[in-house]
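> Need a 3D model of the following:
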Amino acid sequence: MLNRRTFIQLTGLTSAFISTSSFAGRTTQSKGPIVISTWGPNLKANKAAWAILSKGGTALDAVEAGVMIPEADPADISVGYGGLPDRDGKVTLDACIMDEKGNCGAVMAMEHIMHPIRVARLVMEQTPHVQLVGEGALQFALSKGFKKENLLTPESEKIWRDWLKTSKYDPMIIPKLLEKKNNEPEPYPWPVALLNHDTIGMVALDVKGNVSGACTTSGMAFKMHGRVGDSPIIGAGLFVDNEVGAASATGVGEEVVKICGAHTVVEMMRHGASPEDACKEAVRRIVKNNGAKAKDVQVGFLAINKQGEYGGYSVMKNFNMAVTNIEMEKEMDTKSWF
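Numbering: from 1, shown residues only. All right, here's what the predicted structure looks like:
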């Protein structure tokens, strides 16, 4: 965390953008930079982002560094190395990044590369394109010096082979696989808190008042080969508008894509909604779309606005987010529709 001298320097830098915001006077003013990410265990990712923000670094650099932590963590079976494979046993990765100028880059269904977020940033900065997919994304990564790696760990392979016994596709299959039956030993060697979530979406506000975001995932476990969810789609899994704020999503990506989830959240904030209320409206649309089946769908949103206000909302309970700013570093549960 920051010392008092650095805090005074950072709050001085932020005063200018607070006073000129269209929301000034209507919301709590920011006391400096902030980074939030989906799921409490990603405080470890926030720590890497905060190391940059607390020294006056950019939100873009912060979110890239932050999400690289779970990308390289084999204990996180929903992101990067150690991510659960598709139904064919292949680990395919999706990621996107977006800066304060509206620039963005994404890779989809890419194999063998440990840090897809770094490749996504290179797509943004060194190509005329926004998205590269599959073999094309891999070729681009290799041309930039990335090395092919085996991302399927023995632990994730075991979970996949256990799933093959029934081969039943279910977006909520991971919690079911992790259920402990009677007096049987724990089925897998990690804490459930590290297993029972998916994706990291991270958004940050830096000392200059600029907002950026990143989102990275290995996608839905045991998906059809080639499936892409919301995470690498700008406007669905992530959206940034430097006049307003930023938002990201996690959960059943197909439902997020149907409502252009992250863009919807940012647009609601543009019209004056708080981050929490904006996320709630996106959730309401998903619930409406699914009717009686909504309780079988989990989606969570989080957002920040230009004042550093933050919030989240989910379809079902047990969605939380990691929040780091000058005052705290903590996991926070969000409100939920059900």
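
> For residue 5, report the pLDDT, please.
On the pLDDT scale, residue 5 is placed at 47.

> and if you look at residue 168?
pLDDT, residue 168: 79.

> quick one: what helix or strand has residue 249 in it?
Per DSSP states H and E: residue 249 is located in strand 245-251.

> Does anything pack onto that strand? Which helices or strands?
strand 34-38, strand 200-205, strand 211-217, strand 238-241, helix 261-270, helix 275-290, strand 299-305 (3 or more Cβ pairs under 8 Å, 6 or more residues apart in numbering; DSSP states H and E). For every residue, glycine as well, the C-beta is placed using N, CA and C.

> show me where pLDDT drops low in the stretch 151-300 of the chain?
For the stretch 151-300 of the chain, the stretches flagged by pLDDT under 70 are 170-197.

> quick revisit: JSON lines please, covering the helices and strands packed on strand 245-251 and showing distance to residue 106.
Shown next, in JSON lines, are the helices and strands packed on strand 245-251 (distance: least, Cβ to Cβ, whole Å):
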{"stretch": "strand 34-38", "distance to residue 106": "17"}
{"stretch": "strand 200-205", "distance to residue 106": "13"}
{"stretch": "strand 211-217", "distance to residue 106": "9"}
{"stretch": "strand 238-241", "distance to residue 106": "9"}
{"stretch": "helix 261-270", "distance to residue 106": "13"}
{"stretch": "helix 275-290", "distance to residue 106": "20"}
{"stretch": "strand 299-305", "distance to residue 106": "19"}
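
> Include mean neighbour count and distance to residue 166 when you put those into TSV, please.
As requested, those are exported to TSV (neighbours: other Cβ atoms under 10 Å; distance: least, Cβ to Cβ, whole Å):
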stretch	mean neighbour count	distance to residue 166
strand 34-38	30	29
strand 200-205	33	28
strand 211-217	31	24
strand 238-241	28	33
helix 261-270	25	31
helix 275-290	21	25
strand 299-305	30	25
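
> Which helix or strand lies directly C-terminal to the one helix or strand residue 95 maps to?
Per DSSP H and E: residue 95 is located in strand 93-98. Next along the chain after strand 93-98, taking DSSP H and E as the criterion, comes strand 104-110.

> before we move on, the earlier item: parallel or antiparallel, list what pairs with the strand holding residue 95.
Strand 93-98 sits in its sheet next to strand 104-110 (antiparallel), strand 211-217 (antiparallel), going by DSSP bridges.

> circling back to that earlier point, now do the strand holding residue 249 and helix 275-290, the angle between them.
Per axes from the mean of the first three to the mean of the last three Cα atoms, to 10 degrees, the angle that strand 245-251 makes with helix 275-290 is 40 degrees.

> What angle do strand 299-305 and strand 245-251 make with each other?
170 degrees.

> now strand 245-251, how far from the centre of its chain.
Offset of strand 245-251 from its chain centre (Cα atoms, centre = their mean, to the nearest Å): 7 Å.

> Export only the CA atoms of the helix or strand following that strand, formatted as CSV.
Counting by DSSP H and E, the next helix or strand C-terminal to strand 245-251 is helix 253-258. Only the C-alpha atoms of helix 253-258 are listed here, as CSV (Å, rounded to 0.1, in the frame of the first residue of the first chain):
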residue,chain,number,x,y,z
GLY,A,253,-20.3,-15.7,-21.9
GLU,A,254,-23.1,-16.5,-24.4
GLU,A,255,-25.5,-14.6,-22.3
VAL,A,256,-23.2,-11.6,-22.0
VAL,A,257,-22.7,-11.5,-25.8
LYS,A,258,-26.5,-11.4,-26.3
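
> Can you list the buried residues in helix 253-258?
Across helix 253-258, burial judged by 16 or more other Cβ atoms under 10 Å covers 253, 254, 255, 256, 257.

> Residue 270: what's it in contact with?
The contact partners of residue 270, by Cβ atoms under 8 Å, 6 or more residues apart in numbering, come to 241, 243, 244.

> thinking again about what came up before, what lines up beside the strand holding residue 249 in the sheet?
strand 238-241 (antiparallel), strand 299-305 (antiparallel).

> before we move on, the earlier item: right, and out of the contacts of residue 270, which lies closest to residue 129?
Distance to residue 129 across those (Cβ to Cβ) is lowest for residue 241, with 21.0 Å.

> Verify the contact between that closest one and residue 262 for me.
No: the pair residue 241 / residue 262 is not scored as a contact, 10.2 Å apart, by Cβ atoms under 8 Å.

> any idea whether the residue nearest to residue 163 when sequence neighbours are not counted is helix, strand or coil?
The spatially closest residue to residue 163, leaving aside those adjacent along the chain, is residue 222, at 5.5 Å (Cβ to Cβ, 6 or more residues apart in numbering). Under DSSP: H, G, I helix; E, B strand; the rest coil, the three-state class of residue 222 is coil.

> right, and residue 222 touches residue 84 too?
Yes: with contact defined as Cβ under 8 Å, residue 222 reaches residue 84; the gap is 7.0 Å.

> okay, and the common contacts of those two?
residue 160.

> These two: which is more packed in?
residue 84 (27 against 24; other Cβ atoms under 10 Å).
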